[in-house]
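K.L.:
Got a predicted structure here, sequence first:
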Amino acid sequence: MEQAPRSIFDNSARSEWVRMRTLLLLRWLAVAGQTLAVFVGVYFLELRLNVGLCMLTIGTSVIFNLISIFVLPESKRLSQRQTTFSLLFDLGQLVFLLYLNGGLNNPFAVLILAPVTISATALKRNATLLVAGGAILSITLLALDYIPLQSVTGQLLELPDLYIGGTWAALIIGVVFLSAYARRVTVETFTMSQALAATQMAMAREHELSMLGGVVAAAAHEMGTPLATIKLVASELEDDLKDQPELQEDVKLINEQTDRLRQILRDMGQAGKEDMLIKKTPITSLVQTAAEPHENRGKEIHFLANGETDFSALDDIPFVNNSLEIIHGIRNLIQNAVDFSESTVWVQSVWTDKSIRVLIGDNGKGYPVELLGRIGEPYLGKRYSKETGQPNRPGYEGMGLGLFIAKTMLERTGAQLTFANAAMDGYVNVGQNRYLRSMVGVTGAVVNVRWQREHIERARGGALAPNPQVK
């Protein structure tokens, strides 16, 4: 049975980021640097070093590298256990070398931070804690016990205890700070890359569906005339064959199947016709298209435009790009409102001379106040559920990807998004308040999507483009 490919959302994939070749190269550099340091210490600084033990310690790294080369291919990506063992070996080799050469009096003690930083960026939390704990223990032991550095004349080269204590504290703080900081940045980068990949997949899916619908719409458009001809001829034959009931039944069947085929093509091509054949649309129609999949989910969706519910009285509705990004982004925001509302969702299109906005509100409980500043981050819903123990929505554990995808797509079109709660004061400007008052009943979350009008508005009128050729 073929093994399913690992999902990009599987966090364990982070443990296989490190190639063995990378660690081999770093270890060869460490071997060269350590050998050079011993050579300089003996022949230029005239230090009395235990050269035999030092070279034996350095030789263990050489042997470790050679064994790794013969056992494993250089292109292999190490598992978390293998990487952790490799980093612990490097840490232990360095610590023993420092023990032979002055402990924390040796300025190269700062290199203990290297394995910890690599672990924090490449491994998961437990492995990082293990390597960091080993580093802290090693630093403490080096502060208490070591072989002092001596010159060839027998002079001890040692720092005062106060400096040793300061070096110990600085290294401990460095281990904690660098590991926490590096891990935080790496995790955020990793989750962001996952979320962006999800956004790309969502957009790819929308484009595929749009292209498929466009092909069907184009086919329906081109087949309209032949179907009409068949329908006309079949109707005339049906009248001419009144005295031949058996043939008349066959003609009736052709007539019915022609109507059925026309309806099938019309239904299949509806979505594609919106996206492929109409390049611009009124903002109100675009919003209604985005909300269409959520209109039969047991919640009422009220549409407004500049405070009005009757769009026929409005003759200045702006036309905008019939953009997949805008449709999918607003659709995700409406889905979120429907999921968390008690019974009703309001979607209002607002335009002025300078801006076009879409306001989405619901009568739910609103966003958690402590998370308002972080709305739109990927995986925020999952973290919130773990931190507070409260579910995001009944029977569903969200990851916050819906809002992130919506925010990313809409921002690509030049939109600015604001997330707030209806109960908050001063979260919207005066120009929006009168429109929010028309959304009577909004008590929960409110999303404001705003574009500069000149950036997305398109001129009215114009002929449709010809149907694209199917390749």
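P.N.:
Perfect, I can see it now.
K.L.:
List the residues that contact Ala337.
P.N.:
Ala337 makes contact with Val345, Ile360, Gly361, Asp362, Gly364, Gly444, Ala445, Val447 under the criterion Cβ atoms under 8 Å, 6 or more residues apart in numbering. Where you see a C-beta, it was placed from the backbone N, CA and C, and this is true even at glycine.
K.L.:
Would you mark the buried spots in stretch 238-252?
P.N.:
For stretch 238-252, burial by neighbour count (16 or more other Cβ atoms under 10 Å) applies to Glu238, Leu241, Gln248, Val251.
K.L.:
Please flag which of these sit within helices.
P.N.:
Here DSSP state H is the test, and those give Glu238, Gln248, Val251 as lying in helices.
K.L.:
Nearest to Thr83 among the residues you listed?
P.N.:
Nearest to Thr83, judged by Cβ to Cβ, of those is Val251 at 75.7 Å.
K.L.:
one step back: could you redo the ones in helices among the buried residues of stretch 238-252 as TSV and give each row distance to Lys76 and pLDDT?
P.N.:
Output for those, formatted as TSV (distance: Cβ to Cβ, whole Å; pLDDT from 0 to 100):
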residue	distance to Lys76	pLDDT
Glu238	74	74
Gln248	76	76
Val251	72	78
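K.L.:
can you redo these as TSV with distance to Gly376?
P.N.:
Shown next, in TSV, are those (distance: Cβ to Cβ, whole Å):
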residue	distance to Gly376
Glu238	61
Gln248	64
Val251	61
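K.L.:
Gln248 contacts Asp239, correct?
P.N.:
No: using Cβ atoms under 8 Å, Gln248 is not in contact with Asp239; the gap is 9.1 Å.
K.L.:
ok, back up a step: would you format the contacts of Ala337 as TSV with pLDDT included?
P.N.:
Listed next are these as TSV, based on pLDDT from 0 to 100:
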residue	pLDDT
Val345	91
Ile360	91
Gly361	89
Asp362	90
Gly364	87
Gly444	86
Ala445	87
Val447	89
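K.L.:
All the helices of this protein, in order from the start?
P.N.:
In the chain, the helices defined using DSSP H lie at 20-43, 51-71, 80-100, 113-122, 125-144, 161-240, 245-268, 270-272, 283-291, 324-340, 380-388, 401-412, 430-438, 453-456.
K.L.:
now those helices in TSV, with distance to Leu304?
P.N.:
Shown next, in TSV, are the helices of the chain (distance: least, Cβ to Cβ, whole Å):
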stretch	distance to Leu304
helix 20-43	58
helix 51-71	67
helix 80-100	54
helix 113-122	50
helix 125-144	48
helix 161-240	26
helix 245-268	29
helix 270-272	24
helix 283-291	9
helix 324-340	14
helix 380-388	28
helix 401-412	20
helix 430-438	6
helix 453-456	19
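K.L.:
Of all the ones you listed, which one comes closest to Ile317?
P.N.:
Of all the helices of the chain, helix 283-291 comes closest under Cβ to Cβ, at 5.7 Å.
K.L.:
any idea of the angle the closest one forms with helix 324-340?
P.N.:
Here the directions of helix 283-291 and helix 324-340 differ by 60 degrees (axes from the mean of the first three to the mean of the last three Cα atoms, to 10 degrees).
K.L.:
Tell me which of the contacts of Ala337 fall in strands.
P.N.:
Val345, Ile360, Gly361, Asp362, Ala445, Val447 (DSSP state E).
K.L.:
OK, contacts around Asn332?
P.N.:
Residues counted as contacts of Asn332 (Cβ under 8 Å, 6+ apart) are Gly402, Leu403, Ile405, Ala406, Met409.
K.L.:
who wins for most neighbours among these?
P.N.:
Neighbour counts for the contacts of Asn332 peak at Ala406, which has 27 neighbours (criterion: other Cβ atoms under 10 Å).
K.L.:
Buried by neighbour count: which residues of stretch 356-367 qualify?
P.N.:
For stretch 356-367, the neighbour count (16+ other Cβ under 10 Å) marks Ile356, Arg357, Val358, Leu359, Ile360, Gly361, Asp362, Asn363, Gly364, Gly366, Tyr367 as buried.
K.L.:
ok, what's across the strand from the fifth one?
P.N.:
When bridges are taken as DSSP bridges, the partners of Ile360 come out as Val347, Val447.
K.L.:
quick one: contacts for it?
P.N.:
Residues near Ile360 by Cβ under 8 Å, 6+ apart: Ile330, Leu333, Ile334, Ala337, Val345, Trp346, Val347, Gln348, Val446, Val447, Val449.
K.L.:
Quick one, grab the pLDDT at the second one.
P.N.:
Here the pLDDT value assigned to Leu333 is 90.
K.L.:
how much distance is there from stretch 441-460 to the middle of the chain?
P.N.:
In terms of Cα atoms, centre = their mean, to the nearest Å, the centre of stretch 441-460 is found 24 Å from the chain centre.
K.L.:
again, but for stretch 123-138
P.N.:
Counting by Cα atoms, centre = their mean, stretch 123-138 comes out at 28 Å from the chain centroid.
K.L.:
can you tell me the average pLDDT over it?
P.N.:
On average, stretch 123-138 scores 89.
K.L.:
mind listing what's buried in that stretch?
P.N.:
Buried-residue list, stretch 123-138, by 16+ other Cβ under 10 Å: Leu123, Lys124, Ala127, Thr128, Val131, Ala132, Gly134, Ala135, Ile136, Ser138.
K.L.:
re earlier: take the contacts of Ile360 and write them to CSV, including distance to Val31.
P.N.:
CSV is the format used below for the contacts of Ile360 (distance: Cβ to Cβ, whole Å):
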residue, distance to Val31
Ile330, 59
Leu333, 57
Ile334, 61
Ala337, 61
Val345, 65
Trp346, 68
Val347, 65
Gln348, 68
Val446, 62
Val447, 58
Val449, 58
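K.L.:
domain ranges for the protein?
P.N.:
Following the assignment in automatic domain parsing, the chain carries domains at 11-158, 201-275, 279-458.
K.L.:
show me where pLDDT drops low in the stretch 351-471 of the chain?
P.N.:
Across the stretch 351-471 of the chain, the ranges flagged by pLDDT under 70 are 378-401, 424-435, 437, 460-471.
K.L.:
how about 80 then?
P.N.:
369-405, 409, 423-441, 459-471 (pLDDT under 80).
K.L.:
Contact partners for Leu333?
P.N.:
With Cβ under 8 Å, 6+ apart, Leu333 has these contacts: Ile360, Leu403, Ala406, Val447, Val449.
K.L.:
what does Glu295 give?
P.N.:
Contacts of Glu295 were listed using Cβ under 8 Å, 6+ apart, and they are Ile301.
K.L.:
Use 32 as the first number from now on
P.N.:
Yep, numbering from 32; the last one is Glu326 now.
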